Structure formats: structure tokens, C-alpha cells
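Peer 1: Build the 3D model from these lines:
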Amino acid sequence: MNDLLHHTLEEVRIKTLGPVFPNRKGTQYRNFRTPFNNAVRKAGISDFTFHDLRHTFASRLVMSGVELPTVKELMGHKDIKMTLRYTHLSSDHKQNAVKALDNFGTNLRRFSRQGENMSDDGSSK
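Peer 2: Just a heads-up that it's a prediction; the model follows:
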């Protein structure tokens, strides 16, 4: 849980002096699947499960630059292979990764030109 979420939940808890997400009886839910599924249905979202949130969590962490071993630990996985099954990169993320190679050609040309201006002993001509 990040600091912003923790702070927000504490504020809500202090204001309500009860569960952050109370059920109809005002008590805490024992099972989140039912209210989650009801919310998804009411929102008109199809083909989305509670478990999909784990995929989103892992994917967002990886796309934010969090290392896979850290994601593995946060997900509670024993094997990194399982973590890899949960991570999905967005099209934008993949495009940006390929664009990073644009600088490679520029840097290579710059390095090559610098090499042309050097003598055999490494000093400038």
C-alpha cells in the first residue's frame, strides 16, 4: 500500500469510525468478490474479474520500472515464472522501449565521428 492510499484510508476510517467500505448492514465485508462483481456489473464492464486486479497491479509495477524480483515478492509468488505470467506490457510501453533505440543510432554516429578525429594513441588530431 502506498503512502497516499494509506493516508486516505486513515482519513476515511477516522471520519466514519468503522469499515472504509461497509456492507449494507454497516459492517465489514467478509468476502469482496460479491460486492466487486456487483460493482463491475453495475458499471457495465464485461469480462473483468477480481483476479484481473492482480494482473493490473503487476503490470503497472513493471511498466513503472519496478524490478521483477520486487514484483515477485509483492505478489507473494515463489517463482518468477508466475510473476511473468501476470505482467503484461501496454502497446505504448513497448513502443517507447523501441523508440529508446533511436538514440542508439545517434550515439553510435557521434562516437564514430569522434573516433575519426582521434589519432592511434587516443589523442585528438
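
Peer 1: Enumerate the positions of the helix or strand harbouring residue 53 that are buried.
Peer 2: Taking DSSP states H and E as the definition, one finds residue 53 inside helix 52-63. Of the residues in helix 52-63, 58, 59, 61, 62, 63 count as buried by neighbour count, 16 or more other CB atoms under 10 Å. C-beta coordinates here come from the backbone N, C-alpha and C atoms, glycine included.

Peer 1: go on, stretch 31-42?
Peer 2: For stretch 31-42, using 16+ other CB under 10 Å, the buried residues are residue 40.

Peer 1: per-residue pLDDT, the spatially most central residue of the chain?
Peer 2: The centroid of the chain falls nearest to residue 60 when counting by CA atoms, centre = their mean (1.5 Å). At residue 60, the model reports a pLDDT of 96.

Peer 1: again with residue 71
Peer 2: So, for residue 71, pLDDT stands at 96.

Peer 1: List the contacts of it.
Peer 2: Listed by CB atoms under 8 Å, 6 or more residues apart in numbering, the contact set of residue 71 reads 58, 61, 62, 83, 87.

Peer 1: Following the chain past the helix holding residue 53, name the next helix or strand.
Peer 2: Taking DSSP H and E, what comes next after helix 52-63 is helix 68-75.

Peer 1: just the angle between that next one and helix 52-63, please?
Peer 2: 150 degrees (axes from the mean of the first three to the mean of the last three CA atoms, to 10 degrees).
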